[in-house]
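Engineer: Prediction below, plus the sequence it came from.
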Amino acid sequence: MTPRNSGPQTIRVGLLAGEPVRDAGLKTIFDLPAQDDHAQLVPVVGSLPELLALDSIEYLVVDLHSSAGGLEALETIRRARPDVRSIVIGPEGDDELVLNSIIAGARAYLGHSAGPEVVRKAIGVVTTGSIWAPRRLLCRVIDRLLSAPNLKQVTTVEQLTTREQQVLELILNAHSTREIAARLGIEQRTVKAYIGRLMRKTGADNRVKLSVSALNRSLIPEFGTRKTTDADAEHLTN
C-alpha cells in the first residue's frame, strides 16, 4: 500500500482492495476535480486490516461485489473503527440490503450503475457530514432501531460528563470526528475515545444506535423533546 502525502485540505479515503480491475476503476473517480466547497480526496488502496490501522483514514469505499467487500466487511469496520464512515456500492433495488448496510455503518449507498460523477459527489457529501441514501429508507432504519429489544432493555444510562454531552450534541448535529475535534479543541483520537465511552454507556455499538438512544432517552435536553421526523433522519446516522 502506497498512500500519497496529504495536505491540510486533503482527505484520504480508503479503497478496500479487491479485484485489480475494479480497484483501478474506483481510483479514477478521484481524478475528477474537487467541488468548490469540498476538500481534495485522495485514494488509499489496501486490505481491510491495513486501512483500519491508519488513523488518518476516516472514510472507506466498500464494493459489495468485490471479493473483499460484503456486509461482513461493514461489520468488521463497525466493530474495529466505529468512527469510520463507509460508502457502499452494491446491487440496486434491494431495500433490505440498503437498510442492513446503513445499520452496519454505511453513510452512503450507491447502485453499481452509478456513474463516476455520482460516486464522487456521494463521497464528497459524506465527507462533509451528511449521508447519501433514500430518505424513506432512513426513516425505516430509525423505526427499526427504536423498536429493537436491546434498546428497550436498557432503561437507565450512566450519567454523562459535560464533555461527553458536548460530543454527543455535536454528533446529533451531524458533525464528523474531525469537526468535533476542531470545535472542542481536542485531538481526533480523544473524540474517538469519548464516542467509545458514549457507546458503552448507552449500550450502542454504532453511531446510528447511539443517536437513536440519545433521542429516545432524552440524553440531551434540547433534543429530547423533539420527535424523530423524516427530516431528522438525515443527521441521525452521521
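Structural biologist: Sure, I can see it. Small disclaimer: the values here were computed from a predicted structure and weren't measured.

Engineer: And Gly111, how far from Gln165?
Structural biologist: Distance, Gly111 to Gln165, using CB to CB, to the nearest Å: 39 Å. All C-beta spots, glycine's among them, are computed from the backbone N, C-alpha and C.

Engineer: quick one, phi/psi of Glu58?
Structural biologist: phi -110, psi -10 (degrees, to the nearest 10).

Engineer: Count the residues that sit near it.
Structural biologist: Glu58 has 21 neighbouring residues, counting by other CB atoms under 10 Å.

Engineer: Touching, it and Glu179? I think so.
Structural biologist: No: Glu58 lies out of contact with Glu179 (CB atoms under 8 Å); the separation is 10.8 Å.

Engineer: who does the helix or strand that contains Val42 touch, helix- and strand-wise?
Structural biologist: Element membership for Val42 (DSSP states H and E) is strand 40-46. If contacts are counted by 3 or more CB pairs under 8 Å, 6 or more residues apart in numbering; DSSP states H and E, strand 40-46 sits against strand 10-16, helix 20-29, helix 116-127.

Engineer: and those as CSV, adding distance to Lys192 and mean pLDDT?
Structural biologist: Output for the helices and strands packed on strand 40-46, formatted as CSV (distance: least, CB to CB, whole Å; pLDDT from 0 to 100):
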stretch, distance to Lys192, mean pLDDT
strand 10-16, 16, 87
helix 20-29, 26, 77
helix 116-127, 17, 84
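
Engineer: Name the stretch among these that sits most buried.
Structural biologist: strand 10-16 (a mean of 22; mean count of other CB atoms under 10 Å).

Engineer: what about Gly115, how many neighbours?
Structural biologist: 10.

Engineer: which residues in the chain form helices?
Structural biologist: 20-29, 48-52, 71-80, 95-103, 116-127, 135-146, 149-153, 162-172, 177-184, 188-202, 207-216, 221-224, 233-236 (DSSP state H).

Engineer: from memory Ser211 sits against Ile171, does it?
Structural biologist: Yes: between Ser211 and Ile171 there is a contact under CB under 8 Å: 6.4 Å.

Engineer: for Leu71, what are its contacts?
Structural biologist: Each residue near Leu71 by CB atoms under 8 Å, 6 or more residues apart in numbering is listed here: Leu64, Asn100, Ser101, Ala104.

Engineer: Alright, that wraps it up for me.
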